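Asker: Here is the input, now give the coordinates:
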Amino acid sequence: MTGKVEDRTNRQLILLRWVAILSVTATVLVSSALGVVSESAWLWAVVAVLAGINLVLPVLVGRPAVARHGPRLVVVQLAFDVLALNLLVHFAGGIENPFAFFYVFLALIAGMACSRSAAWALAAGAFVLFSGTVVLEHAGWVPRHPLNLHAAFQPSRSQHGGPYMLGFLVVLGSILFGVVAYATSTMARLRETARAERALRERLDQQERLALVGEVVAGVVHELSTPLNGLRNSFRALRRDPAGFLKRGDILDLMEDALERMTAMSRRLLMFSREPRIEPKPLSINDVVERALEHLRGRIESSGAAVERRLGAVPSVLADEVALGEVVTNLVTNALDAVRGGGRVVVETSTRGSAAEVRVADTGPGIPAAVRARLFQPFHSTKPLGRGTGLGLAISKRLVDAHAGTIEVESREGSGTVVVVRLPLARRAAA
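Answerer: Model (predicted):
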């Protein structure tokens, strides 16, 4: 993550440098036209070097060997900017140039993008470089390049003497180091806050995982306790009266039902605990719906519900037939349980944009808003005790997610429920 941040910082510096190059180019053009700058050749040379290096930098930043040294490259870029600014200021009036305060801008960037020591080193280097240039100009050891300002705005010689120079450098140094101190301390606090947030998020994630494990264990114990109690009572009856036990068909049916429930529970637990393994291929979603309804024929007849098919002309989807069949079976089973004792279930397929849509609607009692927020959590069921494992929707969501699809529940208490599954169409069909 740190490498990505530094790569982004380097690229942002390159972008900012292009903005500065354009600004300097426009300033030199206007200043030359107005006669403010008499010797612009050196300024154009600095601009040309800036542009040339800025053209090469994106290529360097993109190389893995250079990217590994991201923090150093940030410091090198800013050091180069300090040197370029010093040259621009020197060839455009020196201490007279108001753009000398752009050192403060560079110091702010250094305080935000570099370590504390690097930021202070860059600020100190900028101040020493500018101060040394000013002193050398004042002593006459380095030629000055004064601005050709109007006489009304031209400072007098006394203003450019030692006191003026000293005062200017004190003000600039105070602002420069003050900005660095503020920026580095602020960034240190932000980094510490970010570290604390990451640590808190990791603790919360761990607590959520532990809570989920506890919920899964509690759900397994709850779901298995009923059939296990039934089997235990049956074995007690067998021990008391072995001969009469075999004549009790109801007890044998109870034992068979308990074993089937535990088998189904173990199968669903395996599906939920493992990462879905799908083998997608182009298939007809209508065929999957028809097979699921045929598989549930006995349950549909026993529920007393009226099941209506509304299958549209849907192109092929790229999906795993078994997994998609499991999803449709779970949704229709939930709808049948919701309208037990009479009601209507509508299974509809259609196309919406580049996705195929399966809608399973029922005229049941609906789901309260407080319950809808937890529908896809494992072992959360709206059904009466013994009527569901609470894993159907959780498994369905994982299977739909594995197909890069979505599953949504639309329901209001007293108004029925609609579950909508959307899956991307196969590419050839979508085209």
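Asker: Which of the three states applies to R359?
Answerer: For R359, the assignment made with DSSP: H, G, I helix; E, B strand; the rest coil gives strand.
Asker: so it touches V345, yeah?
Answerer: No. Under the criterion of CB atoms under 8 Å, R359 is not in contact with V345, lying 10.9 Å apart. To be clear about C-beta, it is placed using only N, CA and C from the backbone, and glycine gets the same treatment.
Asker: need the helices for the stretch 1-150 of the chain, in chain order.
Answerer: Under the criterion DSSP state H, counting those that start in this stretch, helices of the stretch 1-150 of the chain are mapped to 2-34, 41-61, 64-67, 70-90, 102-113, 116-139.
Asker: Looking at those, which is nearest to L336?
Answerer: helix 2-34 (50.0 Å; CB to CB).
Asker: ok and that closest one relative to helix 41-61, angle-wise?
Answerer: 160 degrees (axes from the mean of the first three to the mean of the last three CA atoms, to 10 degrees).
Asker: tilt between helix 2-34 and helix 70-90?
Answerer: Going by the same axes, to 10 degrees, helix 2-34 makes 10 degrees with helix 70-90.
Asker: coming back round to it: so R359 and V345 - more neighbours on which side?
Answerer: V345 (25 against 18; other CB atoms under 10 Å).
Asker: helix/strand/coil for that one?
Answerer: Classified using three-state DSSP, V345 is strand.
Asker: show me the contacts for I109.
Answerer: Contact partners of I109, counting by CB atoms under 8 Å, 6 or more residues apart in numbering, are 13, 16, 78.
Asker: which one of these has the most neighbours?
Answerer: Result: L78 is most packed of the contacts of I109 (other CB under 10 Å), 22 neighbours.
Asker: what's the distance between it and M187?
Answerer: Distance of L78 to M187, computed by CB to CB, to the nearest Å: 15 Å.
Asker: E294 too?
Answerer: 65 Å.
Asker: of the helices of the stretch 1-150 of the chain, which approaches R201 most closely?
Answerer: That would be helix 2-34 among the helices of the stretch 1-150 of the chain, by CB to CB, at 17.1 Å.
Asker: Just give me how far that closest one sits from the chain centre.
Answerer: 30 Å (CA atoms, centre = their mean, to the nearest Å).
Asker: packing partners for that helix?
Answerer: helix 41-61, helix 70-90, helix 102-113 (3 or more CB pairs under 8 Å, 6 or more residues apart in numbering; DSSP states H and E).
Asker: Could you pull up the mean pLDDT of that helix?
Answerer: Averaging pLDDT along helix 2-34 gives 83.
Asker: Give me the buried stretch members for it, please.
Answerer: For helix 2-34, burial by neighbour count (16 or more other CB atoms under 10 Å) applies to 6-7, 9-10, 13-14, 17, 20-21, 24, 27-28, 31.
Asker: how about these in JSON lines, adding distance to G125?
Answerer: What follows is the buried residues of helix 2-34, written out as JSON lines (distance: CB to CB, whole Å):
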{"residue": "E6", "distance to G125": "21"}
{"residue": "D7", "distance to G125": "24"}
{"residue": "T9", "distance to G125": "19"}
{"residue": "N10", "distance to G125": "20"}
{"residue": "L13", "distance to G125": "17"}
{"residue": "I14", "distance to G125": "21"}
{"residue": "R17", "distance to G125": "18"}
{"residue": "A20", "distance to G125": "19"}
{"residue": "I21", "distance to G125": "22"}
{"residue": "V24", "distance to G125": "21"}
{"residue": "T27", "distance to G125": "24"}
{"residue": "V28", "distance to G125": "25"}
{"residue": "S31", "distance to G125": "27"}
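Asker: which one of those residues is nearest V419?
Answerer: D7 (43.4 Å).
Asker: Against D81, how distant is the closest one?
Answerer: Distance from D7 to D81, by CB to CB: 18 Å.
Asker: same deal with M112?
Answerer: In terms of CB to CB, M112 sits 14 Å off from D81.
Asker: got it, and D401?
Answerer: From D401 to D81 the distance is 47 Å (CB to CB).
Asker: Tell me which of these two has more neighbours.
Answerer: Neighbour tally, D401 and D81, criterion other CB under 10 Å: the higher count belongs to D81, 23 against 12.
Asker: Quick one: residues contacting the more buried one.
Answerer: If you count contacts by CB under 8 Å, 6+ apart, D81 has them with 13, 17, 20, 106.
Asker: Could you export those as CSV, including distance to P146?
Answerer: Output for these, formatted as CSV (distance: CB to CB, whole Å):
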residue, distance to P146
L13, 32
R17, 27
A20, 23
L106, 24
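Asker: Kindly indicate which of the residues you listed lies nearest D253.
Answerer: L13 (76.7 Å).
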